[in-house]
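Participant: Fold the following, please.
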Amino acid sequence: MTGALGPERVRRLYLAGVASGFAAGAWLGAAEAPTKLASLALPPVVVSLAMVLGVFVARWSVPALVRGTAGVGTDVREAPHLVVWALLAGGLWAVANTLTIFAIRDIGLSIAFPLWNANSLLGIVWGIVLFNELRGARRAQWFAVLGGAALMFLGGTALAVASTRATTGGHAWRGVTAALGAGVLWGTMYIPYRKAYLTGMNPLSFVTFFSVGELVTMTAVAMAQEGGLATLARDLVEARAALFWLLCGGFVWVVGDLFQQYAAKYVGISRGIPLSNTNQLWGLLWGLFVFGELRGSGVERYAEVIGGSLVMAAGAVAIASAAAGATERSAWEAAARREQTRYHVDPAYVRAGLRGEAAASATRGRRPVDWLIVGSASAVFVGLGLLARRPAVALGWTAFTGLVAAMLALLVGTGYLLWRTTRFN
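Facilitator: Predicted coordinates:
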């Protein structure tokens, strides 16, 4: 199906996917930091809903700015069934994100992060079972993936044990359960991801409909939890001074998730998802050095948390390093043909997507509605920014500045690589 797609093009797409995975880790790792506001007595579902509102705004404005909504319309015409899958994935994300709020409240950011990153294990399973990933792979590649999965399991177990001793308040295992539940939901969410990208959909289109599923699901969950729309509206008004920061968290998440989408597209979910799960190290850095989690704990406790995180990260890197060979890529193409036949998608559209190119039918350019979306999103952030107050949370400003600088460097560098290689296709 790839036809004239030569080794050099394959290598460049792989490098773009790997770089996207690393950039995703940095931005996804930072996105959860605003949920520390949950410790300020905000209901967890309000925190999650506010983040989802930020996600919704970002997931329409960023694609409108980068590509234009006309391109989204092209993808809907070519593969309308993927809209349903995107809505489903968004619903799973919303519930999982709510569970992370409970997890962070009970066991802290630096410990909860690696636990919900068990989603990598499910990503590997679904990639192999449903999408022909690792089919025809060499023995060394299988060893890297399965050995990496074992390391991630061991690291996660060490962190779960450490959390029961590092957390006060008697809710450690509740936090562990919430974090692992989020991992299961996020791991399942990657099935729609891979279906979309084997079929040829542009990541910037997929996330726009993904956000609708997120918002609808999260609103329903919040209303049920808070006792109705009136109570939820009152809670949002009372939390207005914090909404700006939580929407910023949702915006940062979108940047990370877009990079994760490109990683899943170009190196598969069995590799791309573990690679983006280097966010656990970024979450560790934010938790320990910016928010001072575990401050005053003994050396043994630090060793358990840091050691468990490093073991899990080593497993993720081992998995991601197992680049797909020609035989495995042929198996990927067979999975793409299956999706094409099942849903009656134009073969040229699927072929262009696998090559990282725009389909011939793609509509290009931005329209006035795109600038209206971008302007409206900017107005939302400016308005809430005027109402915002600095959270009463002690921060390590030196670490904060360094982490933000590193994130911006990855954003610019990886964004340029993606544009040069795929023009964001």
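Participant: was I right about L403 contacting L284?
Facilitator: No - between L403 and L284 there is no contact under CB atoms under 8 Å: 11.2 Å. Backbone N, C-alpha and C define where each C-beta goes, glycine included.
Participant: Tell me the helices and strands packed up against whichever helix or strand L408 is part of.
Facilitator: Assigned by DSSP states H and E, L408 belongs to helix 397-422. Helix 397-422 sits against helix 7-31, helix 240-267, helix 279-285, with contacts defined as 3 or more CB pairs under 8 Å, 6 or more residues apart in numbering; DSSP states H and E.
Participant: State the mean pLDDT of that helix.
Facilitator: Confidence for helix 397-422, expressed as mean pLDDT, is 94.
Participant: and the angle for that helix with helix 240-267?
Facilitator: For helix 397-422 against helix 240-267, the angle by axes from the mean of the first three to the mean of the last three CA atoms, to 10 degrees is 40 degrees.
Participant: tally of neighbours for F424?
Facilitator: Neighbours of F424 under the rule other CB atoms under 10 Å: 18.
Participant: Check the spacing between it and S378 real quick.
Facilitator: When distances are taken as CB to CB, to the nearest Å, F424 and S378 turn out to be 21 Å apart.
Participant: cool, and T74?
Facilitator: In terms of CB to CB, T74 sits 26 Å off from S378.
Participant: and those two? which has more neighbours close in?
Facilitator: Taking neighbours as other CB under 10 Å, T74 and S378 compare with T74 leading, 19 against 12.
Participant: Was I right to think that one contacts A360?
Facilitator: No - using CB under 8 Å, T74 is not in contact with A360; the gap is 10.1 Å.
Participant: Which parts of the stretch 101-250 of the chain are helices?
Facilitator: With DSSP state H, counting those that start in this stretch as the definition, the stretch 101-250 of the chain shows helices at residue ranges 109-116, 119-131, 139-166, 172-199, 203-226, 229-238, 240-267.
Participant: Tell me which of these sits nearest to A303.
Facilitator: Proximity to A303 (CB to CB) singles out helix 139-166 among these, at 8.9 Å.
Participant: which strands and helices sit next to the closest one?
Facilitator: Checking 3+ CB pairs under 8 Å, 6+ apart, helix 139-166 ends up next to helix 109-116, helix 119-131, helix 172-199, helix 269-276, helix 299-320.
Participant: buried set for the longest one?
Facilitator: Right, the one you point to is helix 172-199. Neighbour-count burial for helix 172-199 flags 172, 174-199 (criterion: 16 or more other CB atoms under 10 Å).
Participant: ditto for the second one
Facilitator: Taking 16+ other CB under 10 Å as the neighbour-count basis, helix 119-131 is seen to contain the buried residues N119, S120, L121, L122, G123, I124, W126, G127, I128, L130, F131.
Participant: quick one: the fifth one and M189, what's the gap?
Facilitator: Meaning G123. Plainly put, G123 is 9 Å away from M189 if you go by CB to CB.
Participant: Kindly report the same for the first one.
Facilitator: In this structure, N119 lies at 8 Å from M189, with CB to CB as the measure.
Participant: intersection of neighbour lists for those two?
Facilitator: Here N119 and M189 share no contacting residue, scored by CB atoms under 8 Å, 6 or more residues apart in numbering.
Participant: Quick one: low-confidence residue ranges for the stretch 101-250 of the chain.
Facilitator: Along the stretch 101-250 of the chain, the model assigns pLDDT under 70 to residues 109-110, 159-171.
Participant: Kindly recompute the last result at 80.
Facilitator: For the stretch 101-250 of the chain, the stretches flagged by pLDDT under 80 are 101, 104-105, 107-115, 117-118, 149, 152-172, 225-228.
Participant: Could you do the stretch 251-400 of the chain as well?
Facilitator: Looking at the stretch 251-400 of the chain by pLDDT under 80, you get 280-281, 284, 287-288, 292-306, 309, 312, 316, 319-325, 358-366, 389-395.
Participant: and with 70 instead?
Facilitator: Where the stretch 251-400 of the chain drops to pLDDT under 70, the residues are 296-297, 361-364, 392.
Participant: Next up, the contacts around the residue most central in space within the chain.
Facilitator: For the chain, D257 is the residue whose C-alpha lies nearest the centre (CA atoms, centre = their mean; 3.7 Å). Residues near D257 by CB under 8 Å, 6+ apart: A24, L28, V207.
Participant: Let me know whether the last one touches S61 as I believe.
Facilitator: No - with contacts defined as CB under 8 Å, V207 does not count as touching S61, sitting 11.2 Å away.
Participant: Same drill for those two, tell me which one is more crowded.
Facilitator: Shown here are V207 and S61; by other CB under 10 Å, V207 has more neighbours (25 against 22).
Participant: Which residues are in contact with the more buried one?
Facilitator: R59, P63, A86, V254, D257, L258, Q261.
Participant: Out of the residues you listed, which is nearest to V216?
Facilitator: Ranked by distance to V216 (CB to CB), the contacts of V207 are led by A86 at 12.2 Å.
Participant: And the pLDDT at that closest one?
Facilitator: 90.
Participant: Distance of the residue nearest to it when sequence neighbours are not counted relative to F102?
Facilitator: Distances taken as CB to CB, 6 or more residues apart in numbering put F209 closest to A86, at 3.8 Å, once the chain neighbours are dropped. Going from F209 to F102 by CB to CB gives 27 Å.
Participant: And for M51?
Facilitator: The gap separating M51 from F102 is 14 Å, by CB to CB.
Participant: okay, those two: which has more neighbours?
Facilitator: M51 (31 against 23).
Participant: ok, and that one, which helix or strand is that part of?
Facilitator: helix 44-66.
Participant: which residues touch the residue nearest to A86?
Facilitator: Applying CB under 8 Å, 6+ apart to F209 gives the contacts L82, V83, A86, L87, G90.
Participant: The second one - how many residues pack around it?
Facilitator: What it means is V83. V83: 20 neighbours (other CB under 10 Å).
Participant: could you measure the spatially closest residue to it that is not a sequence neighbour against V72, distance?
Facilitator: Leaving aside its sequence neighbours, V83 sits nearest to F209 (CB to CB, 6+ apart; 5.0 Å). For F209, the distance to V72 (CB to CB) stands at 8 Å.
Participant: With A331 instead?
Facilitator: Taken as CB to CB, the span from A331 to V72 is 30 Å.
Participant: out of the two, which sits in the more crowded spot?
Facilitator: Neighbour tally, A331 and V72, criterion other CB under 10 Å: the higher count belongs to V72, 23 against 17.
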